[in-house]
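In: quick one: sequence plus predicted model below, questions after.
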Amino acid sequence: MSPLMTALLIVAALYVAWTVLANLPRRGRSASHSGADRAGVVVYWRPGCRYCMRLRTGLRFTPLAYAEVNIWRDPEAAAFVRSVNGGDETVPTVTVGGRVLVNPSRRQLLEAAGQAG
């Protein structure tokens, strides 16, 4: 096998591993829409969403307390996301103290959380 092919296989394997890990629910953060503390920070996400993976991975290394709700497992959460996004299931949708942010960057979310808290 050529060195280029080996490198491509390694990159592909790392990408698959990252995708799987980024889509796993975080221990102690998984919640339902009805059970989430909506006075705090709630991240609505769905598996396979690269924007969700980017935000959730970035938040993993912050001290921010937040709950995560998978809209594909919680019809009430999916309905909420549609209600604040003009009928679309746009994720990540995040609520910070009742304020809705659609597809925020990690920085935008942390700034909003700082302002809310």
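Out: Ah, there it is.
In: which helices and strands sit right next to the host helix or strand of residue 14?
Out: If you go by DSSP states H and E, residue 14 is part of helix 3-23. With contacts defined as 3 or more C-beta pairs under 8 Å, 6 or more residues apart in numbering; DSSP states H and E, helix 3-23 has these neighbours: helix 50-59. Heads up, the C-betas are built off the backbone N, CA and C, glycines and all.
In: let me see the contact set for residue 31.
Out: Residues near residue 31 by C-beta atoms under 8 Å, 6 or more residues apart in numbering: 42, 67-69.
In: of all these, which comes closest to residue 54?
Out: Minimum distance to residue 54 across the contacts of residue 31 is 14.0 Å, recorded for residue 68 (C-beta to C-beta).
In: just confirm residue 94 is within a helix.
Out: No. Secondary structure of residue 94, determined by DSSP: H, G, I helix; E, B strand; the rest coil: strand, with no helix assignment.
In: which strand residues bridge it?
Out: Per DSSP bridges, the residues bridged to residue 94 are residue 43, residue 101.
In: residues in contact with it?
Out: 41-44, 55, 100-102, 104, 109.
In: so how far is residue 36 from residue 85?
Out: Distance, residue 85 to residue 36, using C-beta to C-beta, to the nearest Å: 17 Å.
In: again but with residue 46, I slipped
Out: 15 Å.
In: center of this structure - which residue?
Out: residue 52 (3.8 Å; C-alpha atoms, centre = their mean).
In: I'd like the contacts of residue 31 as TSV, with secondary structure and distance to residue 6 appended.
Out: Shown next, in TSV, are the contacts of residue 31 (DSSP: H, G, I helix; E, B strand; the rest coil; distance: C-beta to C-beta, whole Å):
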residue	secondary structure	distance to residue 6
42	strand	43
67	strand	42
68	strand	36
69	strand	40
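In: who wins for neighbours among the residues you listed?
Out: The most crowded member of the contacts of residue 31, judged by other C-beta atoms under 10 Å, is residue 69 (28 neighbours).
In: thought residue 76 was touching residue 34, still the case?
Out: Yes. Assessed by C-beta atoms under 8 Å, residue 34 is found in contact with residue 76 at 6.1 Å.
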